[in-house]
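**Q** A predicted structure for the sequence below; I have some questions about it.
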Amino acid sequence: PPQSLALILTLTLTPTLTLTLTLTLTLLQVGVHFGVLRLLGRAFKLPLKELLLASNAAVGGPQTAASMAVAKGWEPLVLPAILTGILGYSCATLVALGVGNAVLRPLAAAAALA
């Protein structure tokens, strides 16, 4: 029920536990991201530099992907890196709106009942 979710979200965590959980989840997310990227790259026989730029665009956005392309001397890949990052922002915004709506509505309803 929404009440139990609200209770879980209001539990206080120690700073050390919060840091540990954050680092663990971040490492897990980046590790899974890189593993899937490498597997798909091998399956579709994509060059490593394009995979690395796509990964950078997904994690850091268009600015860092373009900077990486310039720093590595991959000038022909600057524009695709920027466009990939912008496409990622667009898709992530739509997903975040849907998830936020699905999660926040029940929480708001539970808070209104309390």
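**A** Noted; the coordinates are in hand. Numbering: from 1, shown residues only.
**Q** quick check: longest helix of this structure.
**A** helix 78-113 (DSSP state H).
**Q** Next up, the contacts around the residue sitting nearest the centre point of the chain.
**A** Residue closest to the average C-alpha location in the chain (CA atoms, centre = their mean): residue 59, at 5.9 Å. For residue 59, the contacting residues are 30, 33, by CB atoms under 8 Å, 6 or more residues apart in numbering. The C-beta positions use only the backbone N, C-alpha and C, and glycine is treated the same way.
**Q** cool, and the one 4 residues further on?
**A** The contact partners of residue 63, taken as CB under 8 Å, 6+ apart, are residue 85.
**Q** That one and residue 18, how far apart?
**A** Going from residue 63 to residue 18 by CB to CB, to the nearest Å gives 28 Å.
**Q** buried set for the longest helix of the chain?
**A** Neighbour counts over helix 78-113 (16 or more other CB atoms under 10 Å) mark 78, 80, 81, 82, 84, 85, 88, 110 as buried.
**Q** Which elements pack onto it?
**A** Contacts defined by 3 or more CB pairs under 8 Å, 6 or more residues apart in numbering; DSSP states H and E place helix 78-113 against helix 2-10, helix 48-60, helix 62-72.
**Q** ok, residues contacting stretch 74-85?
**A** 49-50, 53-54, 56-58, 60-66, 68-70.
**Q** Just the buried ones from those residues?
**A** For the contacts of stretch 74-85, buried by 16+ other CB under 10 Å: 53, 54, 56, 57, 58, 61, 62, 65, 66, 68, 69.
**Q** Which entry within the residues you listed corresponds to the minimum pLDDT?
**A** pLDDT is lowest at residue 58 among the buried ones among the contacts of stretch 74-85; the value there is 87.
**Q** now the closest residue to that one other than its chain neighbours: how far from residue 94?
**A** Counting by CB to CB, 6 or more residues apart in numbering, residue 58 lies nearest to residue 88, which is 5.3 Å off, once chain neighbours are set aside. Residue 88 sits 11 Å away from residue 94 when distances are taken as CB to CB.
**Q** just residue 112 next, same as before
**A** Residue 112 sits 27 Å away from residue 94, taking CB to CB as the criterion.
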